Each structure stands twice: as C-alpha cells, then as structure tokens.
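In: below are the sequence and a predicted model for it; my questions follow.
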Amino acid sequence: PKKALLPIIAAIGGMVVPALIYLLFNPAGEPHKGWGIPMATDIAFALGVLYLLGDKIPLALKVFLTALAIVDDLGAVLVIAFFYTSEINFLFLIIGLAILIFMYMGNKLGVRSIIFYAILGICGVWTTFLVSGVHATIAAVLAAFTIPADVKIKENIFISKINAYLERFKNIDPTENTPTLTNEQLHVLEMMNEATLAATPPLQRLEHSMHPAVSFLIIPIFAIANAGVSLNVDIDQLFENNIAVGTALGLLVGKVLGVVGFSILFIKLKIAQIPDGMNFRNLLGLGFLASIGFTMSLFITSLAFSHEEYQTQAKIGIFAASLIGGVIGYLILNKNSKHKNK
C-alpha cells in the first residue's frame, strides 16, 4: 500500500496546486471558470517523452508516472462531471444509475459477454448520462467498473487444458487432400477457444481490442478537434486578462510544486515511501513531464469557456507550458541517466 500511495498523493498535489495558482491569477469573472484546465496531465504525451529515454530510465519511474497520470486523468474526469456540467435532469440520472446497478448484478451473476456490457453501457448508461446533463465522460468510467476483471480459470489450469487439447488435436487423423478440418478437429479448436476466453478477463479483452482504434484514430481526432488555435493573435489582447498566464504557470509551476512537494512531504512524514531507483532529480523530472496537459486540458478549455478569445488564450498557455515542461523534464531525466551511467 505504501508503494501505491505515493503516485496517488503526487497526483492529488498535481491537481490541487495548479488549480490554486490559476485561481490566484483569475479570482473572479468568467476567467475564473478555467481553474480545472491546468489540473490535467496528458498520459500519452508524458509517457511518450519518458519512453524516448528508453532503457536509461528505471522501470519504477515509468510505473510511477503511469500511475500518477491515471489518477490525474480520473480526477480530471470527476472535475468535468461535477463542475463542468449543465443543468441536471435527475430522472435520466436515476435511470442511468439503475442500468449501472443492473450491469453490476450481471457481473456478480457471471455474465461475461462483452456485447451485454457494450449495449447497456453505450445505449443505456452513456446515453442517459448525456441527456441528464452530467458530462458523459463519467459514464464510461462508471461502466468500466462493472465489467468483469477476473478470470474463470486460473493460469495453471489453462496451461494444462491447452496442452491436453493440443495433444488431442495432434492425434486426430487429418482429412487427406482437402483444405478443411475434420469435425473432431473443429470441436477441439472450439474447446481451446472457450478455454482462452475463460482465461482472459472480459475487461482486459475489451481494452486490448479497442487499443488500436483508440490510439490511432480516436485520440488523434480528439486532439486535432480540440487543438485548433488561430495564429492571428493580438499580443495585447492575449494578455488583457490572466487566463494564458494562469494556465501556463498552473501547469508549469503548479504541477512541479504539487507533484514534488506533496511527494517529499509524505515521504518525510513516513506515510509513503519512495520507489527503488528513484531520487529527487528523477522526481523533479517527472514533475515537469506531468506539466504536459494537452488533450485533457484542451478538452476542459472547451467546456470552461464559450468565448473564443478566452479559449485561444488558454490553449496558448497549455501549448507553452506543455512544450517547456516536456523539454525540461526530458533534459533533467536524460542528464540524470548519463550521470548514473558514468
């Protein structure tokens, strides 16, 4: 538990401090609504920078940043759900929650069909949450918790079953001179397939099947759709309020202070422990990588502001902080790894 606690604490610090810094610069008016923008860390970009360093970076750092970014992402989703929603229609919200309970009961009763959870999750939970006024991003998170994440047969039993099926398959006389299989061969392959499905958690199977579409289609479209910034920006207009400054400093300074400060504080209090292979320089480098907001920050920007000028100011702050934070984080971690290699 102590090992798992530190990235959670770091993520909380990395959400609270950026929001406070933003509010310090934008205490009132419509700019005040953007306090959630610098809270988010972009998992894909932060890990992408870290993986550029390859084997020079200890595995503990990659695990730490992944855990931090996941907790941070969940925090951002909760902020969207509770603070960036329209008027709530409680009837549809109650219907959505009832469907969630039904999905959870299906899990406990042993329903492992992905189609079952997909239909109820998308047509039921997602749709009712969308109509209710609660932002639909929270529906996906809640629905995911209801999908089975366990296996029906353990790994050792699966291995013995597959070995037995393979031996049986080898001993079947094949149909000569035809490209098709015998009925007995088909039956054995079906049993192997059933055993494979029973040994794979439905949630993991769903995630694995969705990964290519999400990584190469959905996320790029999402990023492009939310990233549009007009380069025809009046500098005086850009700084007529503190949205850009609050966003940039919230990410670049707030993330580092939150991640590093909260981590050191709880380590000193002996509530959490630092992972093996990590030191203060590594932690500082990860703090700067956490300042890469990009997709989630851009998404919250579109929810926080209806005024196009305010959106542009926030986006420029996000881009500036993400670029500077990513470069500084890379340089710190790369220098540290070179020093260790010597």
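Out: Received the coordinates, thanks.
In: average pLDDT across stretch 331-342?
Out: Averaged over stretch 331-342, pLDDT sits at 69.
In: pull the longest helix from this protein.
Out: In the chain, taking DSSP state H as the definition, the longest helix is helix 308-341.
In: what's the mean pLDDT across stretch 73-90?
Out: The average pLDDT for stretch 73-90 rounds to 81.
In: may I see the buried residues of it?
Out: 73, 75-77, 79-81, 84-85 (16 or more other Cβ atoms under 10 Å). For glycine as for every other residue, the C-beta is placed from the backbone atoms N, C-alpha and C.
In: which of those lies closest to residue 204?
Out: Among those, residue 73 lies closest to residue 204 (Cβ to Cβ), at 18.5 Å.
In: which positions within stretch 258-267 qualify as buried?
Out: Those would be 258-263, 266-267, for stretch 258-267 by 16+ other Cβ under 10 Å.
In: likewise for stretch 103-116?
Out: Buried, per 16+ other Cβ under 10 Å, within stretch 103-116: 103, 106-107, 112.
In: what pLDDT, on average, does that stretch get?
Out: 93.
In: alpha carbons only: can I get that stretch in PDB?
Out: Only the C-alpha atoms of stretch 103-116 are listed here, as PDB (Å, rounded to 0.1, in the frame of the first residue of the first chain):
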ATOM      1  CA  MET A 103     -24.700  -4.200 -15.100                       C
ATOM      2  CA  TYR A 104     -23.000  -4.800 -11.700                       C
ATOM      3  CA  MET A 105     -25.500  -7.600 -10.900                       C
ATOM      4  CA  GLY A 106     -24.700  -9.200 -14.300                       C
ATOM      5  CA  ASN A 107     -21.100  -9.200 -13.300                       C
ATOM      6  CA  LYS A 108     -21.800 -10.900 -10.000                       C
ATOM      7  CA  LEU A 109     -24.100 -13.400 -11.700                       C
ATOM      8  CA  GLY A 110     -21.300 -14.400 -14.000                       C
ATOM      9  CA  VAL A 111     -22.300 -12.600 -17.300                       C
ATOM     10  CA  ARG A 112     -19.100 -12.300 -19.300                       C
ATOM     11  CA  SER A 113     -20.400 -11.200 -22.700                       C
ATOM     12  CA  ILE A 114     -18.800  -8.000 -24.000                       C
ATOM     13  CA  ILE A 115     -21.900  -7.400 -26.100                       C
ATOM     14  CA  PHE A 116     -24.100  -7.300 -22.900                       C
END
